[in-house]
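A.B. asks: what would the 3D arrangement of this be:
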Amino acid sequence: MGAKINEIGNTYGYLTVIDTAPSKNNRAMWLCKCKCGNECVVSGKELRSGHTKSCGCLKREATIKRNMERGGGDLTGQRFGKLTVLGFEKWLDRNNGHRDRMWRCKCDCGNECVVNHRYLRFGDTESCGCTKSRGNATIMRWLNSNHYEYQAEYRFKDLVSQYNNIPYQFDFAIFDSGNLKFLIEYQGNIHFKTTPGGWNDEKALADCQKRDKIKFDYCNQNNIPLYYITYEEIIEDRLKEIMNEQFIANN
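C.D. replies: Residues are numbered from 1 along each chain as shown. Predicted coordinates:
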């Protein structure tokens, strides 16, 4: 083994040499501090050749970047409804072996939330819950107070998006003795018009209306009554109308 080169203080990629380490196979070894905070032992040859540039985190970062690029890229800074993406939060492992990216978002109301990448990209989640909850919470309170059997965010296994294989959801499914009777959808203004200079542009509106039509056609094909309550209507009055229509239709 030739003269040992003093590497202490030198930086190679993410690694800064902080001390010597016991030699291995007649090679000088060095204790390094990685940019991420981890420590590792690397030979001088691997450092100088560029073979090792981090504790392993650099490779992980590259893998994450490639996965993000394949699935729609980095969403940081982008707006989806009332949500602004602050940055990548974590990977979510699913039972089928796939992984979903989760993003930390800041809602216009001030709350922060973590949202699935797919839900952002395809418009399923547009706020921390504050927007959707106003209309839906009113409907839920009315259904509860009038003792209706229902399920919120109801899905059919055979009605899924062709883009991400995620089931479409209906705001409320109303049952009678466990049997599905009809569905209710609450529609805010994003279902009808764009927001000048805002996030709800022509494309977003078209995508929203496309999803609405897919759900409408599904119900029509399967003879499932589907009722709408819009943001311009008095929710309680519209609910009474719907229930009266159903009562007449079934008597």
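
A.B. asks: every contact and neighbour count from this point should use C-alpha atoms.
C.D. replies: Will do.

A.B. asks: leaving out chain neighbours, which residue sits closest to the residue nearest the centre of the chain?
C.D. replies: Note on the chain: the residue nearest the mean C-alpha position is residue 116, at 1.7 Å, using CA atoms, centre = their mean. Spatially, and ignoring its direct neighbours in sequence, residue 116 is nearest to residue 102 (4.6 Å; CA to CA, 6 or more residues apart in numbering).

A.B. asks: before we move on, what SS does the one you found have?
C.D. replies: For residue 102, the assignment made with DSSP: H, G, I helix; E, B strand; the rest coil gives strand.

A.B. asks: what sits against the residue nearest to the centre of the chain?
C.D. replies: 100-103 (CA atoms under 8 Å, 6 or more residues apart in numbering).

A.B. asks: just the buried members of those?
C.D. replies: 101-103 (16 or more other CA atoms under 10 Å).

A.B. asks: wait, residue 167 touches residue 160, no?
C.D. replies: Yes - here residue 167 lies in contact with residue 160, judged by CA atoms under 8 Å, at a distance of 3.9 Å.

A.B. asks: closest one of the contacts of residue 116 to residue 218?
C.D. replies: residue 100 (27.6 Å; CA to CA).

A.B. asks: just the residues contacting the longest helix seen in the chain, thanks.
C.D. replies: The longest helix of the chain (DSSP state H) is helix 202-221. By CA under 8 Å, 6+ apart, the residues outside helix 202-221 that reach it are 123, 159, 168, 190-194, 225-226.

A.B. asks: can you give me the buried ones in the following helix or strand past it?
C.D. replies: Using DSSP states H and E, the helix or strand that follows helix 202-221 in sequence is strand 226-230. Judged by neighbour count (16+ other CA under 10 Å), strand 226-230 contains these buried residues: 226, 229-230.

A.B. asks: so who does residue 228 touch?
C.D. replies: So residue 228 contacts 184-187 (CA under 8 Å, 6+ apart).

A.B. asks: partners of it in the sheet?
C.D. replies: residue 185 (DSSP bridges).

A.B. asks: tell me which element residue 60 falls in.
C.D. replies: Counting by DSSP H and E, residue 60 is part of helix 57-70.

A.B. asks: that helix - what's its average pLDDT?
C.D. replies: Helix 57-70 shows a mean pLDDT of 66.

A.B. asks: quick check: neighbours of whatever helix or strand comes next after that helix in the sheet, parallel or antiparallel?
C.D. replies: Per DSSP H and E, the first helix or strand lying C-terminal to helix 57-70 is strand 79-80. Using DSSP bridges, the strands paired with strand 79-80 in its sheet are strand 83-93 (antiparallel).
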